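Student: Could you look at this predicted model? Sequence included:
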Amino acid sequence: KAAIELRQVVKRYGATTALHGVTLEIGDNEFFTLLGPSGCGKTTLLRMIAGFEDVTEGQILLFGEDISGREPNRRPVNTVFQQYALFPHMSVIDNVAFGLKMKGMDLASRRQRAGRMLEMVHLLAFADRLPSQLSGGQQQRVALARALAPEPKVLLLDEPLSALDLKLRQAMRVELKQLQEETGITFVFVTHDQEEALTMSDRIAVMSAGRVQQVGPPREIYEAP
Ligand code: ADP
Ligand code: ADP
């Protein structure tokens, strides 16, 4: 069964049409990338899946269920943004544990789960530091651990590496890919960087001006004219 199904999804902002009827299926456990230039509608699509934006026309299904009208925090989805807004006054482990409070977990379980997540991103040794004592790459890994902690079925990643320098970005590509394989969570990754898309994805949707032009595995996309 598809993790996410988009049926003729249209998004208008007043007179601007950001998406002109996008139809797409994203498989469970896939590393799926939305690739395209700035302004083509990638973020808009992601925000609608997350529930931060209303769908103007069409339907979005998550695991076969129409989720329109369901609040963002009631969807089995979590998001990592380009700007990883960590709470500056909270330790790394408390940042990761924060989202678990809403799930009704007690403090001991929250800290245990958060510790496991930090181990997964190789930052357990930094658990008691403040975010400001970490490098940019480390902070983004904390943001990833925080997003993964509530065990979402789908993780949406909006250009999560674009604030990092080139070397770190390349290392993080490998790490993200491994994280996806390890957790089996469906990743929907947004980027304008073709190389990034080609090296990480199971499948890529190439977008342009509010439309999906092509969908396929990296090899097919790379060979396309
Ligand atoms: P991308 O993520 O690919 O850069 P966006 O989804 O941010 O593209 O934007 C797609 C189009 O929708 C652009 O033309 C953008 O200006 C427009 N847009 C995005 N958000 C809004 C908004 N809140 N109000 C009006 N127009 C918007
Ligand atoms: P991106 O990194 O996707 O290109 P932008 O910098 O274009 O993001 O947009 C950042 C925020 O501004 C987003 O929340 C988007 O919805 C909003 N936005 C983008 N374009 C417009 C617009 N033309 N009018 C109003 N808001 C916009």
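Tutor: Arrived safely. Residues are numbered from 1 along each chain as shown. Ligands and ions are numbered 1, 2, ... in the order given.

Student: Any residues of this structure in contact with ligand 1? List them.
Tutor: Counting by CB under 6 Å from any ligand atom, the residues of the chain close to ligand 1 are 13, 16, 18, 36, 38-44. The way it works is simple: take the backbone N, C-alpha and C, and place the C-beta from them, glycine included.

Student: Quick check: the two most widely separated of those?
Tutor: Spanning the widest gap among the residues of the chain next to ligand 1 are Tyr13 and Gly36, at 17.6 Å by CB to CB.

Student: of these two, who's got more company?
Tutor: Higher neighbour count among Tyr13 and Gly36: Gly36, with 24 against 10, using other CB atoms under 10 Å.

Student: Please tell me I have it right and the more buried one contacts Gly210.
Tutor: No. Counting by CB atoms under 8 Å, Gly36 stays clear of Gly210, with 9.5 Å between them.

Student: The residue lying closest to Ala50 once chain neighbours are set aside: what secondary structure?
Tutor: Of all residues not flanking Ala50 in the chain, Thr79 sits nearest, at 5.2 Å (CB to CB, 6 or more residues apart in numbering). Secondary structure, DSSP: H, G, I helix; E, B strand; the rest coil: Thr79 is strand.

Student: Show me the beta-bridge partners of Thr79.
Tutor: Bridge pairing for Thr79 (DSSP bridges) gives the partners Leu156.

Student: Count the residues that sit near His122.
Tutor: If we define neighbours as other CB under 10 Å, then His122 has 12 of them.

Student: Name the nearest residue to it, sequence neighbours excluded.
Tutor: Excluding its sequence neighbours, the residue lying closest to His122 (CB to CB, 6+ apart) is Arg141, at 7.4 Å.

Student: okay, now that neighbour: neighbour count?
Tutor: Residues near Arg141, counting by other CB under 10 Å, number 26.

Student: so which helix or strand takes in it?
Tutor: For Arg141, the host element (DSSP states H and E) is helix 136-148.

Student: elements contacting that helix?
Tutor: Counting contacts by 3 or more CB pairs under 8 Å, 6 or more residues apart in numbering; DSSP states H and E, helix 136-148 is packed against strand 77-80, helix 92-101, helix 107-120, helix 166-183.

Student: now with 10 Å?
Tutor: Counting contacts by 3 or more CB pairs under 10 Å, 6 or more residues apart in numbering; DSSP states H and E, helix 136-148 packs against strand 77-80, helix 92-101, helix 107-120, strand 154-158, helix 166-183.

Student: Glu195: neighbouring residues, count only.
Tutor: Neighbours of Glu195 under the rule other CB under 10 Å: 11.

Student: correction: Lys1
Tutor: Lys1 is flanked by 9 other residues according to other CB under 10 Å.

Student: If I look at it, what pLDDT would I see?
Tutor: For Lys1, the model assigns a pLDDT of 78.

Student: what's the neighbour count on Gly184?
Tutor: Counted with other CB under 10 Å, the neighbours of Gly184 add up to 9.

Student: er, Lys103 actually
Tutor: Lys103: 13 neighbours (other CB under 10 Å).

Student: Arg110 is in contact with that one, correct?
Tutor: Yes. If you go by CB atoms under 10 Å, Lys103 and Arg110 touch, sitting 8.6 Å apart.

Student: joint contacts of the two?
Tutor: Both Lys103 and Arg110 are contacted by Ala149, under the criterion CB atoms under 10 Å, 6 or more residues apart in numbering.

Student: re earlier: from the residues of the chain next to ligand 1, which would you call buried?
Tutor: Taking 16 or more other CB atoms under 10 Å as the criterion, what is buried in these is 18, 36, 40-44.

Student: Alright, calling it a day.
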